[in-house]
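Enquirer: One predicted model, sequence on top.
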Amino acid sequence: MATGTPAADLRELNEEELVAKLREGKEELFNLRFQMATGQLQNNRRLRVVRHEIARIYTVMRERELGLASGPEGKGDAA
């Protein structure tokens with residue numbers, strides 16, 4: 001069964017790694033949509049999994065922006 005990356009794993013990544021993962025996810029989503037349009041897509045479920053993974057990345061980035069969560073370098077630092 002195809003599953004995405006759990007949010008807890010994403011919270012352990014630093015900002016650059018999150019951006020790289022986001023870029024990879026968007027590229028994969030583009031390729032999957034292209035395959036769907038040409039009738040070559042084998043696993044329709046993968047589209048949904050990739051979209052959810054992108055949403056999780058955006059959620060973690062937004063949490064950090066609002067100060068609700070800190071990155072991996074700020075663990076244990078409650079200011």
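Expert: Arrived safely, thanks for sending.
Enquirer: going forward, measure contacts between C-alpha atoms and count neighbours the same way
Expert: Will do.
Enquirer: pLDDT weak spots in this structure?
Expert: 1-2, 73-79 (pLDDT under 70).
Enquirer: How far off centre is whichever strand or helix holds Val50?
Expert: For Val50, the element it lies in under DSSP states H and E is helix 45-66. The chain centre lies 4 Å from the centre of helix 45-66; the measure is C-alpha atoms, centre = their mean, to the nearest Å.
Enquirer: could you dump that helix to PDB, C-alpha only?
Expert: This file holds the C-alpha atoms of helix 45-66, laid out as PDB (Å, rounded to 0.1, in the frame of the first residue of the first chain):
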ATOM      1  CA  ARG A  45      -4.000   6.200  -5.500                       C
ATOM      2  CA  ARG A  46      -0.500   7.600  -5.900                       C
ATOM      3  CA  LEU A  47      -1.900  10.900  -7.000                       C
ATOM      4  CA  ARG A  48      -3.800  11.300  -3.800                       C
ATOM      5  CA  VAL A  49      -0.900  10.200  -1.600                       C
ATOM      6  CA  VAL A  50       1.500  12.700  -3.200                       C
ATOM      7  CA  ARG A  51      -1.100  15.600  -2.900                       C
ATOM      8  CA  HIS A  52      -1.500  14.700   0.800                       C
ATOM      9  CA  GLU A  53       2.300  14.600   1.300                       C
ATOM     10  CA  ILE A  54       2.600  18.100  -0.200                       C
ATOM     11  CA  ALA A  55      -0.100  19.400   2.100                       C
ATOM     12  CA  ARG A  56       1.700  17.900   5.100                       C
ATOM     13  CA  ILE A  57       4.900  19.700   4.100                       C
ATOM     14  CA  TYR A  58       3.100  23.000   3.700                       C
ATOM     15  CA  THR A  59       1.500  22.400   7.200                       C
ATOM     16  CA  VAL A  60       4.800  21.900   8.800                       C
ATOM     17  CA  MET A  61       6.300  24.900   7.100                       C
ATOM     18  CA  ARG A  62       3.300  27.000   8.300                       C
ATOM     19  CA  GLU A  63       3.600  25.700  11.900                       C
ATOM     20  CA  ARG A  64       7.200  26.900  12.000                       C
ATOM     21  CA  GLU A  65       6.200  30.300  10.400                       C
ATOM     22  CA  LEU A  66       3.600  30.900  13.100                       C
END
